[in-house]
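>>> what's the 3D shape of this:
(one chain, ligands or ions: 2)
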Amino acid sequence: MSKQPMILDHPLVQHKVSLLRNKATGTKEFKELVSELATLLCYEATRDLPLEEVEIETPIAVAHTNVLSGRKLALVPILRAGLGMVDGMLTLLPAAKVGHIGLYRNEETLEPVEYYCKLPSDIAERDVIVLDPMLATGGSARDAITQIKKRGARSIKFIGIIAAPEGLKALHEAHPDVDIYVAALDEKLNEKGYIVPGLGDAGDRIFGTK
Ligand code: PRP
Ligand code: URA
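Ligands and ions are numbered 1, 2, ... in the order given. This is a model prediction of the structure:
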């Protein structure tokens, strides 16, 4: 199944992405914005969660109404920057389990290097949402999802904040079954593999390491 990426055009999303891009935005506000954007993206990415009808007594009458049908979810942030999205996702999905996968980009080759992977033991039974604010070359998301599939997961979505066209294409070609949700699609990558205009190094801005 081949799917189109979803670029959220909601005014709140666009406003928060603009604040995030500003180099004058400090670590505290940056972290808060990443978390808020994760919540807004989560709302859109969970639009297809299945429901089941239940009967509930209101103070007035019996209502035939819908609740989530108990699908099990797992969030998998790509370390480091994906960690900044976890709390915002858990605001809407408090019962989701959280796995972690660690990848960093080799600064010369831009190829991802994996250094950590710990997933819920029943990952194969869960709908997985992979989190990373930046989809640049797409190598990190591509390899993270390959690893998660190797451990049995079959239902996977990717949520990011800013994507480059190169990253969207690479991820979609490697994993055409994965639904992609991002808040902005930027112009290009520069010669160092940074997204232009982008927001700089997401991990450094979330954790204040530069
Ligand atoms: C950043 C970002 C993504 C990756 C995107 O992480 O958080 O994981 O780059 O680039 P790609 O699409 O070209 O793979 P980085 O490698 O800087 O590691 P860090 O989060 O530990 O700083
Ligand atoms: N990783 C980031 O944090 N920012 C970019 O622009 C590209 C990769």
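
>>> Quick one: residues contacting residue 13.
Residues counted as contacts of residue 13 (CB atoms under 8 Å, 6 or more residues apart in numbering) are 37, 40-41, 183. Heads up, the C-betas are built off the backbone N, CA and C, glycines and all.

>>> taking those one by one, which sit in strands?
Among those, no member falls in strands (DSSP state E).

>>> Among these, which one lies nearest to residue 136?
Taking CB to CB as the measure, residue 136 lies nearest residue 183 of these, at 14.8 Å.

>>> Throw the contacts of residue 13 into JSON lines and include distance to residue 123, neighbour count and pLDDT, thanks.
As requested, these are exported to JSON lines (distance: CB to CB, whole Å; neighbours: other CB atoms under 10 Å; pLDDT from 0 to 100):
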{"residue": "37", "distance to residue 123": "25", "neighbour count": "28", "pLDDT": "98"}
{"residue": "40", "distance to residue 123": "26", "neighbour count": "17", "pLDDT": "98"}
{"residue": "41", "distance to residue 123": "21", "neighbour count": "25", "pLDDT": "98"}
{"residue": "183", "distance to residue 123": "26", "neighbour count": "26", "pLDDT": "98"}
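
>>> Which members of these are the farthest-apart pair?
For the contacts of residue 13, the farthest-apart pair by CB to CB is 40 and 183; their separation is 7.7 Å.

>>> one step back: keep only those of the contacts of residue 13 that are also close to ligand 1.
Counting by CB under 6 Å from any ligand atom, nothing from these sits close to ligand 1.

>>> distance of the closest residue to residue 40 other than its chain neighbours from residue 61?
In space, residue 40 comes closest to residue 13 once its chain neighbours are excluded; the distance is 5.4 Å by CB to CB, 6 or more residues apart in numbering. The gap separating residue 13 from residue 61 is 38 Å, by CB to CB, to the nearest Å.

>>> again, but for residue 198
Separation of residue 198 from residue 61 (CB to CB) stands at 53 Å.

>>> Have a look at these two and say which one is more surrounded.
Counted by other CB atoms under 10 Å, residue 198 and residue 61 do not tie: residue 198 has more neighbours, with 21 against 7.

>>> wait, isn't residue 209 in contact with residue 200?
No: using CB atoms under 8 Å, residue 209 is not in contact with residue 200; the gap is 11.8 Å.

>>> Which one of those two is surrounded by more residues?
Between residue 209 and residue 200, residue 200 has the larger neighbour count (other CB under 10 Å), namely 16 against 10.

>>> residue with max distance from the center of this structure?
Distance to the chain centre peaks in the chain at residue 60, reaching 40.9 Å (criterion: CA atoms, centre = their mean).

>>> Do the longest helix that the chain contains and ligand 2 come into contact?
Longest helix of the chain, by residue count under DSSP state H: helix 27-45. No: Helix 27-45 stays clear of ligand 2 (CB under 6 Å from any ligand atom), getting no nearer than 11.4 Å.

>>> What parts of this protein come near ligand 1?
Neighbours of ligand 1 within the chain, by CB under 6 Å from any ligand atom: 78-81, 104-105, 110, 112, 132, 134-140, 167, 193, 201-203.

>>> mind listing which of those are in helices?
Under the assignment DSSP H, the residues of the chain next to ligand 1 contribute 139-140, 167, 202-203 to helices.
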